[in-house]
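Q: Have a look; sequence and predicted model below, questions after that.
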Amino acid sequence: MRILVVEDEKKIANFIKRGLKEEGYAVDAAEDGEQGYFMATTQDYDLIVLDLMLPKMDGLTLCRKLHEMGCPPMGRPPVLILTAKDTVKDKVSGLDSGADDYITKPFAFEEFLARVRALLRKREGSASTKLTAGELTLDLVTHKVSRGGKEIELTAKEYALLEYFMRNAGTCVTRTMISEHVWDMNFDSFTNVIDVYVNYLRKKLDNGPGKKLIQTVRGRGYILKG
């Protein structure tokens, strides 16, 4: 899942980016409201983490503009406001501007992650904390993956790639689609990194006698069949 963090305080932005990346998310960052608005309306994000006190365009204005127009091609992603403005009036204004959740600084990162997961589940239209594809199971909270009851150890990027496959199980996903959701905007889509990580997953998921889960669709991309 790909997340945009709009935060002008570099220390906080780097802390959030590092923590989200450790959880397997692809993360981009914007330092002001205008940059955040441009990125949100030209890139495909699954969630936006938004500060309110931003230079060039404040967070409330940005949130209202996104709420009014949507963000193609998947529609407006959920917005999680993360700000030091903690009065009831501030929270009401933030939620009324179109935000989906509101959390104040200082914050517990564990709670922040829980809210991120909840908003992403809501976007996917599922209340479940687990994804399944045949005998393959992925736990979105613990990040444990198992096939036929046997646990499989994955790196953060392998986990992120598998999560994207499982959210799109039965559908062919192209390399461009994978790069947009699993890697950040600095990723060079002309490299063979995606193919390398797909092979890593295959070695870990499909090394037994059972059905091969990740299949190549020649000339298009990959498909996960449960």
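A: Sure, I can see it.

Q: May I see the buried residues of the helix or strand of the chain with the lowest mean pLDDT?
A: Every helix and strand in the chain was compared by mean pLDDT, DSSP states H and E; the lowest is helix 175-182, with a mean of 84. For helix 175-182, a neighbour-count test (16 or more other CB atoms under 10 Å) marks Arg175, Met177, Ile178, Ser179, Glu180, His181, Val182 as buried. All C-beta atoms are positioned from the backbone trio N, CA, C, and that covers glycine.

Q: Likewise for stretch 54-62?
A: Neighbour-count burial for stretch 54-62 flags Leu54, Met57, Gly59, Leu60, Leu62 (criterion: 16+ other CB under 10 Å).

Q: can you give me the end-to-end distance of that stretch?
A: End-to-end span of stretch 54-62 (CA to CA, to the nearest Å): 10 Å.

Q: average model confidence for that stretch?
A: Stretch 54-62 carries an average pLDDT of 94.

Q: tell me the domain ranges of this structure?
A: 2-124, 130-224 (automatic domain parsing).

Q: looking at those, which is buried most?
A: Comparing these by mean neighbour count (mean count of other CB atoms under 10 Å), domain 2-124 comes out on top with a mean of 18.

Q: Quick check: Asp139 vs Tyr159, distance?
A: Between Asp139 and Tyr159 the distance is 10 Å, computed by CB to CB, to the nearest Å.

Q: Please state the offset of the least confident helix or strand of the chain from the chain centre?
A: Relative to its parent chain, helix 175-182 has a centroid offset of 11 Å by CA atoms, centre = their mean, to the nearest Å.

Q: can you check stretch 201-213 too?
A: Distance of stretch 201-213 from its chain centroid, counting by CA atoms, centre = their mean, is 25 Å.

Q: repeat for stretch 14-25
A: With CA atoms, centre = their mean, you get 11 Å for stretch 14-25.

Q: Start the count at 95 instead of 1 going forward.
A: Sure, I'll start counting at 95 from here, so that last one is stretch 108-119.

Q: Output the least confident helix or strand of the chain as CSV, restricted to C-alpha atoms.
A: The C-alpha coordinates for helix 269-276 follow below in CSV (Å, rounded to 0.1, in the frame of the first residue of the first chain):
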residue,chain,number,x,y,z
ARG,A,269,4.7,-4.1,-13.3
THR,A,270,3.6,-0.5,-13.5
MET,A,271,0.7,-1.2,-11.0
ILE,A,272,3.1,-3.0,-8.7
SER,A,273,5.7,-0.1,-8.8
GLU,A,274,2.9,2.5,-8.0
HIS,A,275,1.8,0.6,-4.9
VAL,A,276,4.8,-1.2,-3.5
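
Q: which element follows that helix toward the C-terminus?
A: Remark: after helix 269-276, the chain's next helix or strand is helix 287-299, criterion DSSP states H and E.
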